[in-house]
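**Student:** Build me a model:
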Amino acid sequence: MQKAFLIGMAALLPLLIPEPSAAQSMREKDNVGGYITYGGTTPYSLKPALTPSPLPVMPPREQQNPVNKRVIERANAYLDKYTATTAILLIDNGKILFEAYRGMGRPTSEFFSMSIGKSLTSLALGKAYCNGLLSSLDVKAQSILPELGDSNFGRSTVRQLLMMSSGAYTPRQGGQPTYKGGIGRNPRTGKPFKGHSWPMRLGQASVADILWGKFWQSTQNKNPNQPGEIFMYKSGDILTISKIIERVSGMSSAAYFNQTIWQYIGAARTAHWESDFEGSTLANSSFQATLRDWGRLAIWILAARQKNDCFGAYLKQATSSQIPLTRSASNSFKGYGYQWWTETRLAPGFWGLGYAGQKLAIDPDSGKILLKFSYRKVRNASRDIMRLFKTWQGGNS
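**Tutor:** Numbering: from 1, shown residues only. Okay, here's the model as predicted:
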């Protein structure tokens with residue numbers, strides 16, 4: 001069955017699958033929801049609320065105060081300068097200050113998150129913990145998933161996995177490992193893929209294959225560091241977290257996210273999260289929703305973080321520095337929480353970051369939220385959107 005599927009894919013997709021590129025770029029149509037149309041697996045659907053939460057637009061007189069007016073001008077100038085941007089949304093205490101779409105972006109488009117999906121999976125893990133499905137964040141993953149064996153994934157605690165500190169392998173581009181001989185097969189070229197994202201999307205590999213199965217066996221540079229020793233950005237850590245959620249809840253991490261979070265944000269439209277051929281969530285990326293529903297989710301996160309309950313306490317930890325980052329010319333952040341980026345000199349708040357320049361920023365002090373989606377990373381584009389966010393808080397940049 002799988003062989004016949006692969007032959008069919010080879011015939012149907014010769015022009016659809018892009019060649020791997022060192023540059024951070026994706027096809028524009030995939031940035032606005034195209035990935036789930038490739039047909040290799042069936043994504044999980046997250047249904048809208050019967051009554052969507054209101055998301056009002058800020059009254060014109062508020063939009064025209066000096067700070068807001070300047071921010072709107074800068075946001076429009078940003079869109080004119082960085083043409084790979086498909087959407088920007090600015091929310092201030094639950095009201096939309098600025099909303100704009102460019103290129104193939106539309107109000108009905110489902111904007112694909114890439115690695116912001118990691119941040120969302122950490123929310124689901126927090127819910128599992130606070131709902132009593134995990135006794136502690138300091139239990140070892142192998143006690144929940146014996147299949148991990150004595151790999152560094154298994155030897156790591158849940159907390160260490162959340163902090164990207166398993167030390168399971170030395171990552172290459174996008175936090176993926178290097179595979180001996182490659183992985184899967186590109187129907188366009190007939191050659192193996194270098195990373196696991198497309199093989200999982202096309203049904204050629206499962207999350208289990210990646211973490212403890214046949215492709216784990218071909219992973220190079222295993223266990224270079226002890227668990228908890230150092231931050232090292234890896235997609236395998238959050239895939240392990242996703243499998244932990246799956247094991248303790250009895251459902252995929254996307255389904256658990258839907259049940260414990262999505263159904264409470266008041267979404268107006270259906271969203272999707274990609275799955276492998278076994279139904280496990282591709283938690284390293286792959287969540288997509290409309291821009292306004294992304295905004296509703298961010299508002300919910302902000303409100304949940306302010307509560308004095310278990311999940312509020314978890315979110316405060318998750319969005320605060322738990323492990324330091326080494327200084328990098330390409331990254332202004334000094335800290336990392338539980339799948340959230342923290343402490344950048346360029347702007348306040350905590351951040352979810354995605355491939356090709358995607359951004360979700362939440363400032364708990366001001367109640368301001370920024371969302372930006374794009375399909376190509378361009379020099380200075382990230383710096384300038386972060387400076388815009390800082391200006392909006394009343395800072396100079």
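
**Student:** which residues in the stretch 151-300 of the chain form helices?
**Tutor:** Along the stretch 151-300 of the chain, the stretches classed as helices by DSSP state H, counting those that start in this stretch are 152-155, 158-162, 197-201, 207-211, 214-217, 235-249, 253-257, 263-265, 291-305.

**Student:** Format these as JSON lines; extra columns: distance to Pro52.
**Tutor:** C-betas here are computed from N, CA, C, even on glycine. Formatted as JSON lines, these follow (distance: least, C-beta to C-beta, whole Å):
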{"stretch": "helix 152-155", "distance to Pro52": "39"}
{"stretch": "helix 158-162", "distance to Pro52": "31"}
{"stretch": "helix 197-201", "distance to Pro52": "30"}
{"stretch": "helix 207-211", "distance to Pro52": "32"}
{"stretch": "helix 214-217", "distance to Pro52": "41"}
{"stretch": "helix 235-249", "distance to Pro52": "26"}
{"stretch": "helix 253-257", "distance to Pro52": "18"}
{"stretch": "helix 263-265", "distance to Pro52": "9"}
{"stretch": "helix 291-305", "distance to Pro52": "8"}
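
**Student:** closest to Lys372 out of those?
**Tutor:** Across these, Lys372 has its closest neighbour in helix 291-305 (9.8 Å, C-beta to C-beta).

**Student:** The closest one: which residues count as buried?
**Tutor:** Within helix 291-305, the residues scored as buried using 16 or more other C-beta atoms under 10 Å are 291-302, 304-305.

**Student:** That one packs against which elements?
**Tutor:** When contacts are defined as 3 or more C-beta pairs under 8 Å, 6 or more residues apart in numbering; DSSP states H and E, helix 291-305 packs onto strand 85-92, strand 95-101, helix 263-265, helix 310-318, strand 358-363, strand 368-374.

**Student:** Need the ones you listed in CSV (columns: distance to Thr51 and mean neighbour count).
**Tutor:** Shown next, in CSV, are the helices and strands packed on helix 291-305 (distance: least, C-beta to C-beta, whole Å; neighbours: other C-beta atoms under 10 Å):
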stretch, distance to Thr51, mean neighbour count
strand 85-92, 20, 24
strand 95-101, 19, 19
helix 263-265, 12, 18
helix 310-318, 23, 18
strand 358-363, 24, 24
strand 368-374, 22, 27
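
**Student:** picking that back up, ranking the helices of the stretch 151-300 of the chain by mean neighbour count, which comes first?
**Tutor:** helix 253-257 (a mean of 28; mean count of other C-beta atoms under 10 Å).
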